[in-house]
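Undergrad: Starting from these lines, generate the structure:
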Amino acid sequence: MSHDEDDTTTVQGVFRRESDKAILIETIDGEDCWIPKSVCDDAWEGHDRGDPITLEVATWFAEKEGL
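TA: You can find the predicted model right below:
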């Protein structure tokens, strides 16, 4: 199955923390979700823990995670 890399979905939540390869957000449903940096834009840069965040995430990943 191939994925269209230009197909994105807007995901909102609260920035929790960052690792080398992913960011952790709390979704608007209150669930924690690790999002690989490879499937989202770089809007997470410069955020501090607890900041509201809006990301553009690959639609296939958002659908897979129920975002």
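Undergrad: Give me the residue at the spatial middle of this protein.
TA: Most central residue of the chain, judged by C-alpha distance to the mean C-alpha position with C-alpha atoms, centre = their mean, is Ile35 at 4.5 Å.
Undergrad: Count the neighbours of Pro52 for me.
TA: Residues contacting Pro52 under the criterion other C-beta atoms under 10 Å number 11. For the C-beta atoms, the positions are set from N, CA and C on the backbone; glycine is no exception.
Undergrad: From the contact counts, what lies against the longest strand belonging to the chain?
TA: Identified as the longest strand of the chain according to DSSP state E is strand 8-18. Under the contact criterion of 3 or more C-beta pairs under 8 Å, 6 or more residues apart in numbering; DSSP states H and E, the helices and strands touching strand 8-18 comprise strand 22-27, strand 32-36, strand 52-58, helix 59-65.
Undergrad: Parallel or antiparallel, list what pairs with that strand.
TA: In the sheet containing strand 8-18, the strands it pairs with under DSSP bridges are strand 22-27 (antiparallel), strand 52-58 (antiparallel).
Undergrad: could you give the angle of that strand to strand 32-36?
TA: On the basis of axes from the mean of the first three to the mean of the last three C-alpha atoms, to 10 degrees, strand 8-18 is oriented at 110 degrees to strand 32-36.
Undergrad: Average pLDDT for strand 8-18, rounded please.
TA: Computed over strand 8-18, the mean pLDDT rounds to 94.
Undergrad: One more: stretch 55-67?
TA: 92.
Undergrad: quick one: buried residues of stretch 20-31?
TA: By 16 or more other C-beta atoms under 10 Å, the buried positions in stretch 20-31 come out as 22-25, 27.
Undergrad: Redo the residues you listed as a markdown table? Include pLDDT and distance to Phe15.
TA: Putting the buried residues of stretch 20-31 into a markdown table (pLDDT from 0 to 100; distance: C-beta to C-beta, whole Å) gives the following:
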| residue | pLDDT | distance to Phe15 |
| --- | --- | --- |
| Ala22 | 95 | 12 |
| Ile23 | 95 | 7 |
| Leu24 | 96 | 8 |
| Ile25 | 95 | 6 |
| Thr27 | 91 | 12 |
